[in-house]
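Asks: got a predicted structure here, sequence first:
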Amino acid sequence: MTYEEALRKLSPAGQEQLLQYYGELTQEQRDRLLEQIAALDLSLLELVEDGVVEPSKGKLEPLGAVTLEQIREKREMFEEKGLEALRACKVGAVLLAGGQGTRLGSDKPKGMLNVGIHRELYLFEQLIRNLMEVVHRADAWVPLLVMTSQKNDRDTKDFFREHDYFGYNPDYVFFFVQDMAPSVSYEGKIYMEDKDRVSASPNGNGGWFSSLAGAGLLGKLKELGVEWLNVFSVDNVLQKIADPVFVGAVLDAGCVCGAKVVSKAGPDEKVGVLCLEDGKPSIVEYYEMTDEIRNSRGQDGRLLYNYGVILNYLFDITTLTRIMNENMPVHIVEKKIPHIDSSGGPVKPEEPNGYKFETLILDMIHMMENCLPFEVDRRKEFAPIKNRTGVDSLDSARELMRENGIEL
Ligand code: UTP
């Protein structure tokens, strides 16, 4: 893209400030800036004009889950079915590691966090260990796809390499980089991170499949025979990956998708709940529920909207490919965005100063014809590390890890 083309793209959107320092830049910096401007999706900016409006929900109804008790009864059958699929390399795992982990407050990829106390035990390492259990049981490698972002791609790859992939087979590990979205002021002006750099952040975890496809990995998956993808977050240190029992249950139910869920600790627990929206599976966030919905109980005394998601889903690739080009809702999130001011000086805001744009994987569930909620024991499979201390923190995760016999 030339300077003139960039100006023609930016002017109608009132974003010429991105070229403010162009005259001061070296040729290399200019090229880099123009490349970023060419890649910008300016249509997102129209969303800011309406302010932060969350898409509204349709008619909600409760959705039951395959419960722990039911799973116990059919465990062997589910497990055998799942192992058979794993042996045939029909299941791949996708680690979502493109987030910035702002609540944890580290510049490094979240997976590099050392959760050990008397020894080193990194988040990435523990996740690989969890996956290795399945690899041993199935006696087959599970293709592992790792989504990074432009901000942490190099650090993540280096870390895996330096640690010999924590014992995993590197031939079965594939990295891909997610897309970025611009960060804007409350007035809708795109910030600049530096004189030659547009301020942008990872565009949420909803674009994982299109980024994976964009990186050319669908051909590889096909070649390997992969038909299902188990997607999971980087920060739930106890999670089972490519869990044969879960895979078997989804296959047995004939569903195109499954979600691991936990029974809510109480009506006020702040988790997204799997339910039906206009007859299709959907995840409703805590703040989207009315008091009545939040507190309503069935005849057995259980909450009707009882099953919280833990970001561990199994998707059928054929369905993912079909919906790949459908529009997903874009969420506008208020954030603290470091940037440079009009005189080029750095600004590190203490309070939120603008918006970032994100699509979310949980919105994908509503694009599926059906989804099997599969209950798991939260004390055995749910230890997310979002914060340093308190709820969902390094402290709470360590307590649960010890409870599950993991040496720290
Ligand atoms: P979170 O929503 O907890 O975000 O991500 P985060 O970036 O890790 O942490 P905060 O909110 O900034 O503190 C849930 C999962 O989705 C991934 C994260 O890496 C995590 O595994 N994710 C999130 C991405 O891969 N890309 C994104 O753009 C956002």
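Replies: Nice, thanks for sending it over. Numbering: from 1, shown residues only.
Asks: in this structure, spot the strand with the most residues.
Replies: Longest strand in the chain, counting residues (DSSP state E): strand 307-316.
Asks: please name every helix or strand in contact with whichever helix or strand comes after it.
Replies: Reading on from strand 307-316 to the C-terminus, the next helix or strand found by DSSP states H and E is helix 317-323. Applying 3 or more Cβ pairs under 8 Å, 6 or more residues apart in numbering; DSSP states H and E, one finds that helix 317-323 contacts helix 217-224, strand 228-233. All C-beta spots, glycine's among them, are computed from the backbone N, C-alpha and C.
Asks: now do 7 Å
Replies: Secondary structure elements in contact with helix 317-323, counted by 3 or more Cβ pairs under 7 Å, 6 or more residues apart in numbering; DSSP states H and E, are absent; no helix or strand qualifies.
Asks: extract the CA atoms of that helix and return them as CSV.
Replies: Taking only C-alpha atoms (Å, rounded to 0.1, in the frame of the first residue of the first chain), the coordinates of helix 317-323 have been written out as CSV:
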residue,chain,number,x,y,z
ILE,A,317,-14.9,-29.8,11.8
THR,A,318,-17.5,-30.1,9.0
THR,A,319,-19.8,-27.9,11.0
LEU,A,320,-17.0,-25.4,11.8
THR,A,321,-16.1,-25.2,8.1
ARG,A,322,-19.7,-24.5,7.2
ILE,A,323,-20.2,-21.7,9.7
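Asks: could you pull up the mean pLDDT of that helix?
Replies: The predicted model gives helix 317-323 an average pLDDT of 97.
Asks: go on, stretch 177-195?
Replies: Taken as a whole, stretch 177-195 carries a mean pLDDT of 94.
Asks: looking at this structure, which helix or strand is least sure?
Replies: Lowest on mean pLDDT, DSSP states H and E among the helices and strands of the chain sits helix 46-49, with a mean of 82.
Asks: report whether stretch 261-270 contacts the ligand.
Replies: No. Contact check for stretch 261-270 against the ligand, using Cβ under 6 Å from any ligand atom: none in range, with a minimum separation of 12.7 Å.
Asks: neighbouring contacts of that stretch?
Replies: In this structure, residues lying in contact with stretch 261-270 by Cβ atoms under 7 Å, 6 or more residues apart in numbering are 65, 271, 274, 286, 294-295, 303, 306-310, 373-376, 378, 382.
Asks: which of those residues count as buried?
Replies: Buried members of the contacts of stretch 261-270, scored by 16 or more other Cβ atoms under 10 Å, are 65, 271, 274, 294, 303, 306-310, 373-376, 378, 382.
Asks: for the ligand, what are the nearby residues on the chain?
Replies: Proximity of the chain to the ligand (Cβ under 6 Å from any ligand atom) is limited to residues 96-103, 110, 147, 178, 202-205, 233-235, 311, 386.
Asks: out of those residues, which are inside helices?
Replies: In helices, judged by DSSP state H, none of the residues of the chain next to the ligand are found.
Asks: how much space between the spatially most central residue of the chain and Lys280?
Replies: Residue closest to the mean C-alpha point of the chain, counted by Cα atoms, centre = their mean, is Asn205 at 3.7 Å. As judged by Cβ to Cβ, to the nearest Å, Asn205 and Lys280 stand 21 Å apart.
Asks: check Arg302 too.
Replies: As defined by Cβ to Cβ, Arg302 lies at a distance of 23 Å from Lys280.
Asks: check the stretch 1-150 of the chain for the residue nearest the ligand and tell me.
Replies: Using Cβ to the nearest ligand atom, Gly99 is the residue of the stretch 1-150 of the chain that sits closest to the ligand, at 2.4 Å.
Asks: got the phi/psi numbers for that residue?
Replies: phi -70, psi 170 (degrees, to the nearest 10).
Asks: so what pLDDT did it get?
Replies: 93.
Asks: what's the answer for Gly51, then?
Replies: Here the pLDDT value assigned to Gly51 is 64.
Asks: His118 too?
Replies: The pLDDT attached to His118 in the predicted structure is 96.
Asks: list the contacts for it?
Replies: For His118, the set of contacting residues under the criterion of Cβ under 7 Å, 6+ apart consists of Leu408.
Asks: and for Gly206, the neighbour number?
Replies: Gly206 sits with 20 neighbouring residues when counted by other Cβ atoms under 10 Å.
Asks: ok, it touching Thr359?
Replies: Yes. With contacts counted by Cβ atoms under 7 Å, Gly206 reaches Thr359, the gap being 3.0 Å.
Asks: need the residues touching each of the two.
Replies: Both Gly206 and Thr359 are contacted by Met328, under the criterion Cβ under 7 Å, 6+ apart.
Asks: what is the helix or strand that the least confident helix or strand of the chain is followed by packed up against?
Replies: Read in the C-terminal direction, the helix or strand following helix 46-49 is strand 60-61, with elements assigned using DSSP H and E. Helices and strands touching strand 60-61, as assessed by 3+ Cβ pairs under 7 Å, 6+ apart, comprise strand 273-277.
Asks: after the strand it packs on, which helix or strand is next?
Replies: Past strand 273-277, further along toward the C-terminus, the next helix or strand under DSSP H and E is strand 280-284.
Asks: parallel or antiparallel, list what pairs with that following strand.
Replies: The strands that strand 280-284 pairs with in its sheet are strand 273-277 (antiparallel) (by DSSP bridges).
Asks: residues touching Gln36, list them.
Replies: With contacts taken as Cβ under 7 Å, 6+ apart, Gln36 has the following neighbours: Arg197, Val198.
Asks: for the helix or strand hosting it, C-alpha coordinates in CSV please.
Replies: Assignment of secondary structure by DSSP H and E places Gln36 within helix 27-39. Once side chains and other backbone atoms are set aside, the C-alpha atoms of helix 27-39 remain, and they are given as CSV (Å, rounded to 0.1, in the frame of the first residue of the first chain):
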residue,chain,number,x,y,z
GLN,A,27,11.6,3.6,4.9
GLU,A,28,11.5,0.4,6.8
GLN,A,29,9.2,1.9,9.5
ARG,A,30,7.0,3.5,6.8
ASP,A,31,6.6,0.1,5.1
ARG,A,32,5.6,-1.5,8.4
LEU,A,33,3.1,1.2,9.2
LEU,A,34,1.5,1.0,5.7
GLU,A,35,1.3,-2.8,6.0
GLN,A,36,-0.6,-2.4,9.2
ILE,A,37,-3.0,0.1,7.8
ALA,A,38,-3.7,-2.1,4.8
ALA,A,39,-4.7,-4.9,7.2
